[in-house]
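>>> Structure for the following, please:
(chains A, B, C and D)
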2 protein chains.
Amino acid sequence: MTSTARIRRMTIQTRRERERAERERLIVNAARELAEAEGWDAVTTRRLAAEIEYSQPVLYSHFKGKGAIMAAVAVQGCADLAAELRAARTAARGTRESLAAVARTYTSFARRRPALYDAMFTHLVDLPFATPEAPPALWDAFDQLRLVVEPIAAEGDDTGLLTETFWAALHGLATLTRSGRLPEDGHERRLDLLVRHFTGE
Amino acid sequence: MTSTARIRRMTIQTRRERERAERERLIVNAARELAEAEGWDAVTTRRLAAEIEYSQPVLYSHFKGKGAIMAAVAVQGCADLAAELRAARTAARGTRESLAAVARTYTSFARRRPALYDAMFTHLVDLPFATPEAPPALWDAFDQLRLVVEPIAAEGDDTGLLTETFWAALHGLATLTRSGRLPEDGHERRLDLLVRHFTGE
DNA sequence: CTCTCGTATCTAGCGCTGCTAGCGAGGAGA
DNA sequence: TCTCCTCGCTAGCAGCGCTAGATACGAGAG
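Here you go, the predicted model:
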């Protein structure tokens, strides 16, 4: 094997890897767009394959199954959510106002992008969560919450646990409202009640 | 048509209606048991039909579809939950203790009977919720929450909204913990944090 | 007692789903 | 130039929710 041969093989390989990565991006994007447009029920492996103009089995050479594709979409969603939360946090001034702004942004995200939100926090289980192996984007999103919860922690409170509790409350409001279990009506006032109780009136 | 004929026909009809109601009970029970034992994915119309020893289409003469069967199971679940919450509430003494007891019971119910809980509060949409048409058992369960939340409402607070907010927080804790998004570990302490913040320290 | 009719139930099948085995083309390397 | 290996394809499996059409059975009339 000559050195030129080795080099050529490597460049060909890298091109192929690049194309492959590009196609993977295509799959995840198509899945996200289809889910956001028509819901996850509409995201079938056949439609997804048609969308990316490849045959069905190609999907399985990239992902273990539909669940893994949803997981990839969910990770993208975490990055989006983290970005929105960061923007809301840095734009707000004051402890209470920051908490309220982040809370509003969180539930607004869940309402505006329900398919994405469901992939992240309702469906899917095969994504590591409360461990170091969890995707960085997920930790980033959680940290945005932590940063606004931290100032309201009382002496001796575990900030992580308090953040988790606050997160759970937001998650509950988001999911129950979106599924029609809570009327859309009082949403703002419920958020206000939550923030008031967590900031200690 | 003689009067005896009319009477006979009525008794036959009532017997048939009784048998039909009995079979409906059988379906709902089988669905609940199968779901609790193996999860809702295992509850297929075929398995359900086999379980009750009738053919598939019989299910559709009782319910509009699988969703309607899940709804029926969910209503049963509401009654169970309401009973547990009532027991916890009446057994507890003191404002804070009642709230804590009901909160513990609620999340414990979700953990012990996940399939039932999901049918009630995660899956399903074709069950009326925040309206007068909602099943009485559902209102009953909600009222058990309301009764322990009422004492902690501040002047001018809408008790209903406050209850909804507290409920959402419990729901968030229950679902996130059960799906592995929150570690089982800090659950007790998260509950405590929630109760403390809602009772105003 | 017999015949007819309506109802209740079953068999069979439709159009999907996620997923996979196995074939064939086409490029890499000797 | 020949061989081999990788890649994507066609075709198909088992199972899903749901339904159309056939059938058996029991009630009521003559």
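>>> For DNA strand C, what's its nearest residue on chain A.
Per Cβ to the nearest atom of the strand, A:G65 is where chain A lies closest to DNA strand C, at 2.7 Å. C-beta coordinates here come from the backbone N, C-alpha and C atoms, glycine included.
>>> Next one: that residue relative to B:V73, how far apart?
Per Cβ to Cβ, to the nearest Å, A:G65 is found 28 Å from B:V73.
>>> Counting neighbours, go ahead and name the busier of those two.
With neighbours defined as other Cβ atoms under 10 Å in any protein chain shown, A:G65 and B:V73 compare such that B:V73 has more, 27 against 12.
>>> Could you say which helix or strand holds the residue nearest to the more buried one when sequence neighbours are not counted?
Residue nearest to B:V73 in three dimensions, not counting chain neighbours: B:R32, with 4.7 Å by Cβ to Cβ, 6 or more residues apart in numbering or on different chains. B:R32 is part of helix B:3-38 when elements are defined by DSSP states H and E.
>>> Pull the contacting residues for the residue in chain A that DNA strand D sits nearest to.
Minimum separation of chain A from DNA strand D (Cβ to the nearest atom of the strand) falls at A:S55, amounting to 3.2 Å. Taking Cβ atoms under 8 Å, 6 or more residues apart in numbering or on different chains, we find A:S55 in contact with A:A49.
>>> For it, give me phi and psi.
Main-chain dihedrals, A:S55, degrees, to the nearest 10: phi -80, psi 160.
>>> now swap in A:L182 and tell me
The phi/psi pair for A:L182 (degrees, to the nearest 10) is phi -120, psi 140.
>>> quick one: the very next helix or strand once past the helix holding B:R32 near DNA strand C?
As assigned by DSSP H and E, the chain's next helix or strand after helix B:3-38 is helix B:45-52. No: judged by Cβ under 7 Å from any atom of the strand, helix B:45-52 and DNA strand C are separated, with a smallest distance of 7.6 Å.
>>> distance between helix B:45-52 and the chain's centre?
22 Å (Cα atoms, centre = their mean, to the nearest Å).
>>> One more: stretch A:140-151?
Using Cα atoms, centre = their mean, the offset of stretch A:140-151 from its chain centre is 15 Å.
>>> pLDDT on it, on average?
In this model, stretch A:140-151 has a mean pLDDT of 98.
>>> In it, which residues are buried?
Applying a neighbour-count criterion of 16 or more other Cβ atoms under 10 Å in any protein chain shown, one finds A:140-142, A:144-149 buried in stretch A:140-151.
>>> Report the contact partners of A:A110.
For A:A110, the contacting residues are A:117, A:174-175, A:178, by Cβ under 8 Å, 6+ apart.
>>> brain fart, A:R178
Going by Cβ under 8 Å, 6+ apart, the list of residues near A:R178 reads A:110-111, A:114, A:117.
>>> And A:D143, by the same measure?
Contacts for A:D143 were tallied using Cβ under 8 Å, 6+ apart; they are A:A82.
>>> cool, and A:F142?
A:163, A:167.
>>> again, 7 Å this time
Applying Cβ atoms under 7 Å, 6 or more residues apart in numbering or on different chains to A:F142 gives no contacts.
>>> ok, it to A:Y106 distance?
For A:F142 relative to A:Y106 (Cβ to Cβ), the value is 11 Å.
>>> Also A:A100?
11 Å.
>>> who's more crowded, these two?
The neighbour count for A:A100 versus A:Y106, taken as other Cβ under 10 Å, is higher for A:Y106 (25 against 21).
>>> Name the nearest residue to the more buried one, sequence neighbours excluded.
Per Cβ to Cβ, 6+ apart, closest to A:Y106 is A:L170, 4.9 Å.
>>> Now that neighbour: which helix or strand?
A:L170 belongs to helix A:159-178, assigned by DSSP H and E.
>>> State the mean pLDDT of that helix.
For helix A:159-178, the mean confidence score works out to 98.
>>> Return the distance of that helix from the chain's centre.
For helix A:159-178, the distance to the chain centre is 15 Å (Cα atoms, centre = their mean).
>>> what's the following helix or strand after that helix?
Past helix A:159-178, the next helix or strand by DSSP H and E is helix A:187-198.
>>> Now do the buried residues in that next one.
A:187, A:190-198.
>>> State the mean pLDDT of that helix.
97.
>>> quick one, domains of chain A?
Domain assignment for chain A by automatic domain parsing gives A:1-62, A:70-201.
>>> Pick the most deeply packed of the ones you listed.
domain A:70-201 (a mean of 19; mean count of other Cβ atoms under 10 Å in any protein chain shown).
>>> What residues does the residue nearest to B:V73 make contact with?
So B:R32 contacts B:73, B:76, B:116 (Cβ under 7 Å, 6+ apart).
>>> dump the residue contacts of the second one.
Going by Cβ under 7 Å, 6+ apart, B:Q76 touches B:28, B:32.
>>> Mind checking what secondary structure it has?
helix (DSSP: H, G, I helix; E, B strand; the rest coil).
>>> So it versus B:Y117, what's the distance?
Counting by Cβ to Cβ - B:Q76 and B:Y117 are separated by 12 Å.
>>> Enumerate every residue touching the residue lying closest to A:V58 once chain neighbours are set aside.
The shortest distance from A:V58 to any non-neighbouring residue, by Cβ to Cβ, 6+ apart, is to A:A49 (6.7 Å). By Cβ under 7 Å, 6+ apart, the contact set of A:A49 is A:55-56, A:58-59.
>>> about what we covered before: so what's the residue of chain A closest to DNA strand C scoring on pLDDT?
So A:G65 comes in at 95 (pLDDT).
>>> ditto for A:F129
89.
>>> And what about it, helix, strand or coil?
Strictly by three-state DSSP, A:F129 counts as coil.
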